[in-house]
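>>> kindly return the folded structure for what I paste below:
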Amino acid sequence: MRPCNTLFFILLTAVMSVLVSCSADKEEDPWAAESRKGSAPATAGFGEGDFDGPQRKDQRGTPPPRGPDTGGDQRSGSDLSGPEDCNDGVDNDGNGAADCEDSGCAADPGCQDDPSKGYEPELGFEDCDNEKDDDKDRETDCEDDDCKDDPSCNSDRAPGQAPTVAPELLAAVSELPVGGQLGMRAPQLDLPFLGRRGRQTLKELRGNIVVLNFWASWCRPCRKETPALELTWQLYRERDVVVIGVSIDEEEDDAGEFLGSFPVSYPMVLDRGGEAAERDWQVKSVPTLILIDRAGRIRERHMGYSPALMRKTVVTIDQLLEE
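Numbering: from 1, shown residues only. Next comes the predicted model:
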């Protein structure tokens with residue numbers, strides 16, 4: 001082969017190789033064919049900052065101002081999509097109402113539990129002791145027909161007067177042996193308050209139903225039981241039911257630290273080291289709950305904590321209130 005032909009063949013081969021390579025690159029370019037799925041979008045509808053996210057001008061309006069003085073995300077609901085976030089201060093669905101003001105947040109727990117957020121749940125019945133018209137019938141508490149049989153609306157006692165117990169019932173209980181077991185007459189309790197001056201005795205609570213709870217700061221189940229007892233106290237405190245917590249901690253500071261994490265409003269007393277708990281009430285472990293009726297007889301006793309045990313206690317309280 002002549003040198004001239006050889007040179008021509010080499011050049012021709014090189015040119016063909018380049019053309020094939022360019023053709024292949026063009027075929028693999030996802031933006032090359034406008035008719036293909038996934039072709040490059042036209043940039044005319046985008047603003048300078050819109051490449052930070054899928055924020056089309058023709059779909060979502062003018063981008064928000066940017067700069068050191070704008071502070072945070074100032075987009076309105078028209079700039080976002082999806083359901084209303086009930087706790088971000090933004091009108092997410094663009095209907096003019098943000099957070100708890102939006103009807104879509106009516107069932108959100110954060111809007112139900114905090115009346116300051118603009119939503120207060122409406123009850124289907126009247127709570128007879130909260131000075132509110134819960135069922136929205138323009139009658140409050142004892143004025144409402146729902147409360148005609150409620151004990152708090154049918155009491156002849158003056159405010160602050162201790163409830164009375166039938167003398168024959170007190171006489172019957174006085175014949176029972178004293179101790180901390182089921183069916184016995186509850187022993188006396190006289191212990192100092194935690195966090196304040198004074199002492200708590202059972203004698204001054206005669207006529208009330210008493211929930212006596214023995215606990216300790218190092219007790220894991222007590223951490224779950226304490227909030228349940230606080231709820232019980234809040235529900236029944238106006239119905240002659242008293243919850244008393246008895247700490248058996250050696251140091252008052254340990255009990256105080258526990259209550260700093262699990263604050264309660266019911267009375268708390270200190271039985272340092274659990275001396276009275278073991279001697280008078282036969283408490284061997286915590287938590288131990290003892291339920292005492294109006295006459296001073298122990299009607300329920302259980303060790304440990306579970307939601308089922310707490311429900312059982314509440315059922316017994318309701319039964320005692322009917323006696």
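>>> give me the low-pLDDT residue ranges for the stretch 151-300 of the chain?
Along the stretch 151-300 of the chain, segments meeting pLDDT under 70 span 151-162.
>>> quick one: the helices in it?
Ranges of helices in the stretch 151-300 of the chain, per DSSP state H, counting those that start in this stretch, are 167-174, 220-236, 252-261, 275-281.
>>> in the first one, what counts as buried?
Spelled out, that is helix 167-174. If you call a residue buried by 16 or more other C-beta atoms under 10 Å, then helix 167-174 has these buried ones: residue 173. In this view, the C-beta of every residue, glycine as well, is placed from N, C-alpha and C.
>>> for it, which outside residues touch it?
When contacts are defined by C-beta atoms under 8 Å, 6 or more residues apart in numbering, helix 167-174 is touched by residues 185, 294-297.
>>> one more time with 10 Å, if that's ok
Around helix 167-174, the neighbours that count as contacts under C-beta atoms under 10 Å, 6 or more residues apart in numbering are 164-166, 184-186, 206-207, 293-297, 323.
>>> one more: the shortest one?
The contact list for helix 275-281, computed with C-beta under 10 Å, 6+ apart, reads 178-181, 184, 186-191, 212, 214-216, 246-248, 269, 271, 274, 283-284, 286, 288, 290, 298, 301.
>>> restricted to strands, list these.
190-191, 212, 214-215, 246-247, 269, 288, 290, 298, 301 (DSSP state E).
>>> which among the residues you listed count as buried?
191, 212, 214-215, 246-247, 269, 288, 290, 298, 301.
>>> among these, which pair sits farthest apart?
247 and 298 (20.5 Å; C-beta to C-beta).
>>> one step back: which one of the buried ones among the ones in strands among the contacts of helix 275-281 is nearest residue 100?
Taking C-beta to C-beta as the measure, residue 100 lies nearest residue 215 of those, at 36.4 Å.
>>> from residue 94, how far out is the residue nearest to residue 133 when sequence neighbours are not counted?
Spatially, and ignoring its direct neighbours in sequence, residue 133 is nearest to residue 140 (4.8 Å; C-beta to C-beta, 6 or more residues apart in numbering). Residue 140 sits 39 Å away from residue 94, going by C-beta to C-beta, to the nearest Å.
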